[in-house]
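# sequence and computational prediction follow.
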Amino acid sequence: MITRLPRWIILGGVSLSFIAGYINAIGFLNGHAISHMTGLVSQVAIGIAQGDFRHAFYLGLIIVSFFTGSVISGFLIQQSTLVLGRRYGLALIIESILLFSAVPLLNRGWEGGFYVAAMACGLQNAMASTYSGAIVRTTHLTGFIGDFGIAIGHLLRGLPID
């Protein structure tokens, strides 16, 4: 167990948390979450139960986008512990490109911006799960979907999964 983390890891974690919260707030201002998979899955189920299949499909695509970001992370980052190297930098560059791409889409009112932002969140969530050693999720679908995406990324890379 790590008892004292280097300051740069703490600052990096706080920065990434701020970014994820900011992105999710943008989604909530538009009526739904972007990185909160448990809430999105619940909203999809409610939409289906109420017969609002178009809205359920739209929210389902956000979930698929988050999952896709997790797959990308699992494909890039192959360790289950924090090992400094190019893979984290590449993951963060891809996340940045996705977020910078989402801004003009959202400014034009295109819902594709939410999908791109969700993919960035999935990539970031899975990256953090990979190096923090989170193994089991029991209640939150965000972690489960992220873990499942990491596993698929590892399979695509030809790596064994637990």
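That came through fine. Residues are numbered from 1 along each chain as shown.

# C-alpha from now on. contacts and neighbour counts both.
Noted.

# do you know how far residue 161 is from residue 24?
As judged by C-alpha to C-alpha, to the nearest Å, residue 161 and residue 24 stand 30 Å apart.

# between the two, point out the one with more neighbours.
Under the neighbour definition other C-alpha atoms under 10 Å, residue 161 and residue 24 were set side by side, and residue 24 has more, 21 against 10.

# the more buried one - nearest residue in space that isn't next to it in sequence?
Nearest residue to residue 24, sequence neighbours excluded (C-alpha to C-alpha, 6 or more residues apart in numbering): residue 34, at 5.1 Å.

# list the buried ones in stretch 95-112?
The neighbour-count check on stretch 95-112 (16 or more other C-alpha atoms under 10 Å) flags 95, 98-99, 102-103, 105-106, 112 as buried.

# sorry, slip of the keys, the one I care about is stretch 146-159.
Of the residues in stretch 146-159, those buried by neighbour count under the rule 16+ other C-alpha under 10 Å are 146-154.

# farthest-apart pair in those residues, please.
Set against one another by C-alpha to C-alpha, the buried residues of stretch 146-159 have their most distant pair in 146 and 154, with a gap of 12.4 Å.

# pull the helix or strand with minimum mean pLDDT from the chain.
When the helices and strands of the chain are compared on mean pLDDT, DSSP states H and E, helix 7-29 comes out lowest with a mean of 81.
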